[in-house]
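J.: kindly generate the corresponding structure for this input.
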Amino acid sequence: MCSSMDRGIQPVVHSSPQIRSASGLSQTVLQGCKSSLITSQAITSSGSPGLNQIFNGGVPVGTVVVLEDRPCHLYSRHFMLLFAAEGLSVGHRVCVAAARSVEIKEFISDIPRKVTGEESSGLNEGLRNPLPESIGDRQGDGLKIAFRYESLPKIDSVLGASHASAPSEPQYDLGRKIDASQVETVGYFTHSHSSSPAVPSRIHRLLEWILNEAGKIPRQNVLRVCLPAVDSPLWNFHDSHEFFRFLFQLRTLARQNSLIISLSISHSLHSPADLFRIRRLSDAYVVLETLKSEKKHALYRDYQALFRIEKTFAVNVLRPPVILDCEYGLKIKRRRVLLERLHLPPALPETAQRETTDHPSGIRSTIGGLVGNQLGCQAATERNLDF
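T.: This next block holds a predicted model:
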C-alpha cells in the first residue's frame, strides 16, 4: 500500500495553540480547544467528564485513541458517540467511516443530544447521594479515637462529578438523539466492493478521504474521525501487518493535521502479540472488559464493565504522565455513562472467613517451616511452645 505522500498529496499542517507568552503576544487557538496547563498542547473534550479527568483535561489534537472491547464490540460505541456529539456541539467537523452503509446510518442516528437547563438537572438527579463536608460530620461529638481523620473530606467515587455542572463540561443524554439538521453535517465514508485492479484499495481510499476532509476544514477548526469496528473482516485486511501499516499511516496523518482519530477494535480478533503492537502504535489505549453477571465479583456488582487505562498520551513530552489509578468501573445509569473509582465492598458475605482461624497449630508449623528454611535450622513442630 502506498501512502498519500507518494502520490503527491501534501498534508495540511495547522498550528497548535499555545499559552499566551509573558510579552502578551496573542497566539492562534483552535476552535473548541484549550491549552493544557501541563504540556501546553491543544486539548479538547472527549465528551465524557470522567475520561477528561483521567486524561488531564481532554484529548490532545493530532493523536489516535484506541478502544479495545473484551470480548466483542459493546461499550466502546458509547464513548465514540459521546466523542462525536462533543465535536458537533463545539463546531468541529465530524466524520464516520464504516464497512457498511447501514452501520454508518445507525451510528449517526444514535449520536446523543446535548442537554441544558432543567433537562440537565433532571438527568443528574439521583446519580449520587449528597456528601458531608467531612467524615466527622456524621457523628455529633466527632471522632475521638481517629481524630486525625476528622477533618478529611469524603471522596466522591464518580469521576468528573465536580465538573459535570460546569458550562465547559456539557452533558449528553443517550436517550435523546441529535436533530436532523446536525445529522446532515456529519461526513461519512463506506467502501464499495470492486474487483477491478485499476481501483485503489479501500484502505488507501479511506486514508485519502481522511486527508481530503482535513484539507476542507478551516485553518482554526479540528476534524474528528470515528472508526467503529475498524478491524472488522469486512474491511478485508490481508494480514495483521497491513493493519499495523494502516495504524501507522493514521498516526502520521493525525500528527500532520488538526485531526483526532478514535477507533475501536475487538479483543477476540487479535493475538496477544498483535494487541501489543497495536498498543505501541496508538497514543492512548483503553480496554473495556465486559463483566458477566454469573461470574461477577461482589466488588463489581454495580458495574457493567471495567474501564482500564493501559496507555495514556505522551506526545512531545520527556516522560509519560503518572497515572495513580489505572482501573475504573463503568456504569450506565439514567442514560449517562459514568466512570467510578473502585472501592472495597462495605460488608463481606457471610461465607467469607479466615481459613487459618480454626487451625492455630497449622499457622505455627507454617511459620516455623519458613523460618527453618531461611535460617537453616530445624522446622518447628505443631506442639505449643512455652516461652
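J.: so for stretch 87-100, mean pLDDT?
T.: Taken as a whole, stretch 87-100 has a mean pLDDT of 92.
J.: using CSV, write out every CA atom in that stretch.
T.: Below are the C-alpha coordinates for stretch 87-100, written out as CSV (Å, rounded to 0.1, in the frame of the first residue of the first chain):
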residue,chain,number,x,y,z
GLY,A,87,-17.5,17.6,18.3
LEU,A,88,-20.8,18.7,16.9
SER,A,89,-21.5,20.9,20.0
VAL,A,90,-18.3,22.8,19.7
GLY,A,91,-18.4,23.2,15.9
HIS,A,92,-15.8,20.6,14.9
ARG,A,93,-16.1,18.7,11.7
VAL,A,94,-17.2,15.1,12.5
CYS,A,95,-16.7,12.2,10.1
VAL,A,96,-17.6,8.5,10.4
ALA,A,97,-16.2,5.6,8.4
ALA,A,98,-17.5,2.0,8.4
ALA,A,99,-17.5,-1.1,6.2
ARG,A,100,-21.3,-0.9,5.5
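J.: list the buried ones in it?
T.: 87-90, 92-99 (16 or more other Cβ atoms under 10 Å). Where you see a C-beta, it was placed from the backbone N, CA and C, and this is true even at glycine.
J.: wait, doesn't residue 266 sit right on residue 231?
T.: Yes - if you go by Cβ atoms under 8 Å, residue 266 and residue 231 touch, sitting 6.2 Å apart.
J.: looking at the two, which is more packed in?
T.: Shown here are residue 266 and residue 231; by other Cβ atoms under 10 Å, residue 231 has more neighbours (21 against 18).
J.: which stretches of the protein have low pLDDT?
T.: 1-28, 117-156, 161-170, 191-200, 294-295, 344-387 (pLDDT under 70).
J.: all helices in it, in order from the N-terminus.
T.: 49-54, 76-90, 101-109, 118-124, 180-183, 202-216, 240-256, 272-281, 360-375 (DSSP state H).
J.: out of those helices, which gets nearest to residue 302?
T.: Nearest to residue 302, of all the helices of the chain, is helix 49-54, at 15.3 Å by Cβ to Cβ.
J.: so where do the strands sit in this structure?
T.: 34-35, 42-44, 59-60, 64-70, 93-98, 112-115, 171-177, 187-190, 223-227, 259-266, 284-290, 305-311, 327-333, 336-341 (DSSP state E).
J.: which strands and helices lie in contact with the last one?
T.: If I follow you right, that is strand 336-341. Contact here means 3 or more Cβ pairs under 8 Å, 6 or more residues apart in numbering; DSSP states H and E; on that basis strand 336-341 packs against helix 49-54, helix 76-90, strand 171-177, strand 327-333.
J.: returning to that earlier point: how about the helices of the chain in a markdown table, adding distance to residue 331?
T.: Listed next are the helices of the chain as a markdown table, based on distance: least, Cβ to Cβ, whole Å:
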| stretch | distance to residue 331 |
| --- | --- |
| helix 49-54 | 10 |
| helix 76-90 | 11 |
| helix 101-109 | 23 |
| helix 118-124 | 14 |
| helix 180-183 | 28 |
| helix 202-216 | 33 |
| helix 240-256 | 30 |
| helix 272-281 | 25 |
| helix 360-375 | 40 |
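J.: ok, which of the ones you listed comes nearest residue 158?
T.: Evaluated over those, closeness to residue 158 peaks at helix 49-54, with 7.3 Å, by Cβ to Cβ.
J.: need the strands of the chain in TSV (columns: distance to residue 246).
T.: TSV is the format used below for the strands of the chain (distance: least, Cβ to Cβ, whole Å):
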stretch	distance to residue 246
strand 34-35	31
strand 42-44	24
strand 59-60	21
strand 64-70	11
strand 93-98	12
strand 112-115	29
strand 171-177	30
strand 187-190	14
strand 223-227	10
strand 259-266	10
strand 284-290	16
strand 305-311	19
strand 327-333	28
strand 336-341	28
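J.: follow-up on the earlier one: list just the nearest of the buried residues of stretch 87-100 to residue 248.
T.: residue 97 (17.4 Å).
J.: mind listing what the closest one touches?
T.: By Cβ atoms under 8 Å, 6 or more residues apart in numbering, residue 97 lies in contact with 104, 188-190, 206, 209-210, 225-227, 230.
J.: now residue 88
T.: By Cβ under 8 Å, 6+ apart, the neighbours of residue 88 are 94, 111, 178, 182, 185-186.
J.: likewise for residue 68?
T.: Counting by Cβ under 8 Å, 6+ apart, residue 68 makes contact with 76, 264-267, 275, 285-288.
J.: and it, bridged to which residues?
T.: Bridge pairing for residue 68 (DSSP bridges) gives the partners residue 265, residue 287.
J.: need the nearest residue in space to residue 43, chain neighbours excluded.
T.: Of all residues not flanking residue 43 in the chain, residue 58 sits nearest, at 3.8 Å (Cβ to Cβ, 6 or more residues apart in numbering).
J.: ok, the one you found to residue 269 distance?
T.: To residue 269, residue 58 is 30 Å away according to Cβ to Cβ, to the nearest Å.
J.: tell me which of these two has more neighbours.
T.: Higher neighbour count among residue 58 and residue 269: residue 58, with 24 against 17, using other Cβ under 10 Å.
J.: tell me the contacts of that one?
T.: By Cβ under 8 Å, 6+ apart, the contact list for residue 58 reads 34, 36, 43-46, 52.
J.: most neighbours among those residues, which one is it?
T.: residue 43 (27 neighbours).
J.: do you know how far residue 219 is from residue 29?
T.: 12 Å.
J.: over to residue 268?
T.: Applying Cβ to Cβ, the value for residue 268 to residue 29 is 42 Å.
J.: again, but for residue 108
T.: From residue 108 to residue 29 the distance is 29 Å (Cβ to Cβ).
J.: how much space is there between the residue nearest to residue 43 and residue 115?
T.: Counting by Cβ to Cβ, the gap from residue 58 to residue 115 is 20 Å.
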